[in-house]
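*Asks:* the amino acid sequence is not available; the structure is as follows:
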């Protein structure tokens with residue numbers, strides 16, 4: 001059973017006891033003790049990496065693949081299609097492209113997020129909005145065809161436009177740092 005099917009079975013149970021304070025308290029206690037996990041505190045990115053993480057988050061948001069030299073923190077970002085075209089080139093043509101990352105001794109790669117990750121960021125944003133009317137419109141947009149385009153139109157025409165951009169940037173930076181820190185640790189292992 002997938003998560004939606006499970007939720008479809010759980011919600012009617014909750015609804016059936018909605019007027020029974022004792023049963024609701026039992027459910028709440030169980031959830032808090034057995035199921036619920038406190039979300040991690042805010043992700044703290046070391047000062048040394050803040051600028052590069054910020055820049056990488058912006059680049060992957062534009063669909064670019066980011067390469068990072070972990071020794072110098074030099075970054076190179078390249079459109080995925082450009083790299084796919086360079087795979088078909090011979091060695092001499094490839095050298096004329098001047099891709100710096102190919103000369104680095106160590107290299108960390110961060111790719112654009114998959115659509116499901118981007119969708120999750122949009123969902124997180126929607127559930128944090130206090131404007132019920134816009135929240136309902138956004139939930140509807142995410143539930144129908146072309147969720148990304150419809151979400152974008154609604155948010156960009158709302159008073160939450162700047163909040164959305166800041167929220168998305170923060171979430172992307174957290175994802176980039178998570179991936180970077182994991183790869184940095186992995187490179188330090190003997």
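*Replies:* Nice, thanks for sending it over. Not measured: the values here are computed from a predicted model.

*Asks:* which regions of this protein sit below the pLDDT cut-off?
*Replies:* 38-41, 83-97, 188-190 (pLDDT under 70).

*Asks:* all strands of it, in order?
*Replies:* 64-68, 75-79, 108-110 (DSSP state E).

*Asks:* show me what the longest helix seen in the chain packs onto, helices and strands only.
*Replies:* Taking DSSP state H as the criterion, the chain has its longest helix at helix 161-188. Under the contact criterion of 3 or more Cβ pairs under 8 Å, 6 or more residues apart in numbering; DSSP states H and E, helix 161-188 touches helix 47-61, strand 108-110, helix 115-127, helix 147-156. (C-beta placed from N, C-alpha, C; glycine too.)

*Asks:* minimum distance to residue 137: which of those has it?
*Replies:* Nearest of those to residue 137, taken as Cβ to Cβ: helix 147-156 at 5.5 Å.

*Asks:* hang on, the earlier thing: who wins for proximity to residue 181 among the strands of the chain?
*Replies:* strand 108-110 (10.2 Å).

*Asks:* need the residues that contact the closest one.
*Replies:* Residues from elsewhere that reach strand 108-110 (Cβ atoms under 8 Å, 6 or more residues apart in numbering): 56, 60, 65-68, 70, 176, 179-180, 183-184, 187.

*Asks:* same question for stretch 112-132.
*Replies:* With Cβ under 8 Å, 6+ apart as the criterion, stretch 112-132 contacts 60-61, 63-65, 80, 135, 138-139, 142, 147-148, 151, 158-160, 163-164, 167-168, 171-172, 175.

*Asks:* now it: how far from the chain's centre is it?
*Replies:* 9 Å (Cα atoms, centre = their mean, to the nearest Å).

*Asks:* what about stretch 153-161, start to end distance?
*Replies:* 10 Å (Cα to Cα, to the nearest Å).

*Asks:* with that, I have no additional questions.
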